[in-house]
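Novice: Okay, here's the prediction I keep looking at, along with the sequence it came from:
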Amino acid sequence: MALVVSALMSALAFIATFVVVVPLPWTGGYFNLGDAAVILAGLLFGPTIGATAGAIGPTIADIVSGYPVFAPATLVAKGLEGMVTGLIVRRFQTMNKGRVRQFSFVMTALYGLVGVGIIGYLLATNQSPGDWLFPGTWAVIFLAFALLILGNAIRGQWSETTSGVLAGAIGATLMISVYFLYEQLLMGVPAILEVVPNCLQGMLGSGIAGTVYGYKGLRERIESINR
């Protein structure tokens, strides 16, 4: 059964990565929605299947889509993303709520700093109003995501959806870090320019996967299959 599920989730991760391909000229990479499938695999089926789906599906998509230079990084980054997401969401189920809240504050700070950093850059470089639209939209998205996590933590409103989104965000942060190191150190490209779209990709992925994971009926059906 585990082999079948791994194959299905790998196929889903491949499709999600392959269908939406938005080239990023700064590093030669591309924006995609594969993280949603990878994170969902980790949330629903645990770290092993999450790692398998993340390592196989997106890596094959890189090769087929014409981005084989990124395949080694994808193998590690997406595999770790699925594995860490699966480990953390299970840990959240037994962890003291105060400790979970600390994780929320850390993720709030990380994504909040990116949003504030974008705005600070636009102000410091005296960008014209027309140049604010695209990066400014990203800044708002980052800040809104950070405030959403912070608000849930402060109010103590913890749910499976929040747990899934936060676990996915942590896994996505690891994915972003691996790509940054690979592009900067091994490819010699300005990897810092891809951090923002990679963060957006990770946020969308964790948001989509966390929302699906929060559907109780789906989790119950998955648990019945796993038995």
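Specialist: Alright, I've got the coordinates. Numbering: from 1, shown residues only.
Novice: where exactly do the helices run in this structure?
Specialist: For the chain, the helices defined by DSSP state H occupy 2-19, 34-45, 47-65, 71-94, 97-124, 129-155, 160-181, 192-213, 216-226.
Novice: and these, which is most packed in?
Specialist: Using mean count of other Cβ atoms under 10 Å, the stretch among those with the greatest mean number of neighbours is helix 34-45 (a mean of 30). Every C-beta, even on glycine, is put in place using the N, C-alpha and C of the backbone.
Novice: Please name every helix or strand in contact with that helix.
Specialist: helix 2-19, helix 47-65, helix 71-94, helix 160-181, helix 192-213, helix 216-226 (3 or more Cβ pairs under 8 Å, 6 or more residues apart in numbering; DSSP states H and E).
Novice: what pLDDT, on average, does the fifth one get?
Specialist: Meaning helix 192-213. Here helix 192-213 scores 85 as its mean pLDDT.
Novice: where does the protein have low pLDDT?
Specialist: By pLDDT under 70, the weakly predicted segments of the chain are 26, 155-158, 216-217, 219, 223-227.
Novice: want to throw the helices of the chain into TSV with distance to residue 27?
Specialist: Listed next are these as TSV, based on distance: least, Cβ to Cβ, whole Å:
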stretch	distance to residue 27
helix 2-19	17
helix 34-45	17
helix 47-65	13
helix 71-94	11
helix 97-124	17
helix 129-155	17
helix 160-181	9
helix 192-213	5
helix 216-226	36
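Novice: Which of these sits closest to residue 25?
Specialist: helix 192-213 (9.1 Å; Cβ to Cβ).
Novice: Who are the packing partners of that closest one?
Specialist: strand 22-24, strand 29-31, helix 34-45, helix 97-124, helix 129-155, helix 160-181.
Novice: Which strands or helices does the fifth one pack on?
Specialist: In other words, helix 129-155. helix 97-124, helix 160-181, helix 192-213.
Novice: okay, the helices and strands packed on helix 192-213 in TSV with distance to residue 188 next?
Specialist: Shown next, in TSV, are the helices and strands packed on helix 192-213 (distance: least, Cβ to Cβ, whole Å):
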stretch	distance to residue 188
strand 22-24	16
strand 29-31	14
helix 34-45	25
helix 97-124	23
helix 129-155	25
helix 160-181	12
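Novice: Ok, which of the ones you listed comes nearest residue 61?
Specialist: helix 34-45 (6.5 Å).
Novice: still on that earlier bit, nearest to residue 220, of the helices and strands packed on helix 129-155?
Specialist: Comparing the helices and strands packed on helix 129-155 by Cβ to Cβ, helix 160-181 comes nearest, at 11.2 Å.
Novice: As PDB, could you dump the C-alpha coordinates of the closest one?
Specialist: The C-alpha coordinates for helix 160-181 follow below in PDB (Å, rounded to 0.1, in the frame of the first residue of the first chain):
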ATOM      1  CA  GLU A 160      -5.500  21.000  11.900                       C
ATOM      2  CA  THR A 161      -5.500  23.600   9.100                       C
ATOM      3  CA  THR A 162      -3.200  25.900  11.100                       C
ATOM      4  CA  SER A 163      -1.000  23.000  12.100                       C
ATOM      5  CA  GLY A 164      -0.700  21.900   8.400                       C
ATOM      6  CA  VAL A 165       0.000  25.400   7.100                       C
ATOM      7  CA  LEU A 166       2.700  26.000   9.800                       C
ATOM      8  CA  ALA A 167       4.300  22.600   9.300                       C
ATOM      9  CA  GLY A 168       4.300  23.200   5.500                       C
ATOM     10  CA  ALA A 169       5.800  26.700   5.900                       C
ATOM     11  CA  ILE A 170       8.700  25.200   8.000                       C
ATOM     12  CA  GLY A 171       9.300  22.600   5.300                       C
ATOM     13  CA  ALA A 172       9.100  25.200   2.600                       C
ATOM     14  CA  THR A 173      11.600  27.400   4.400                       C
ATOM     15  CA  LEU A 174      14.100  24.500   4.300                       C
ATOM     16  CA  MET A 175      13.400  24.000   0.600                       C
ATOM     17  CA  ILE A 176      14.100  27.700   0.000                       C
ATOM     18  CA  SER A 177      17.400  27.500   1.900                       C
ATOM     19  CA  VAL A 178      18.600  24.500  -0.100                       C
ATOM     20  CA  TYR A 179      17.900  26.100  -3.400                       C
ATOM     21  CA  PHE A 180      19.600  29.300  -2.300                       C
ATOM     22  CA  LEU A 181      22.800  27.500  -1.300                       C
END
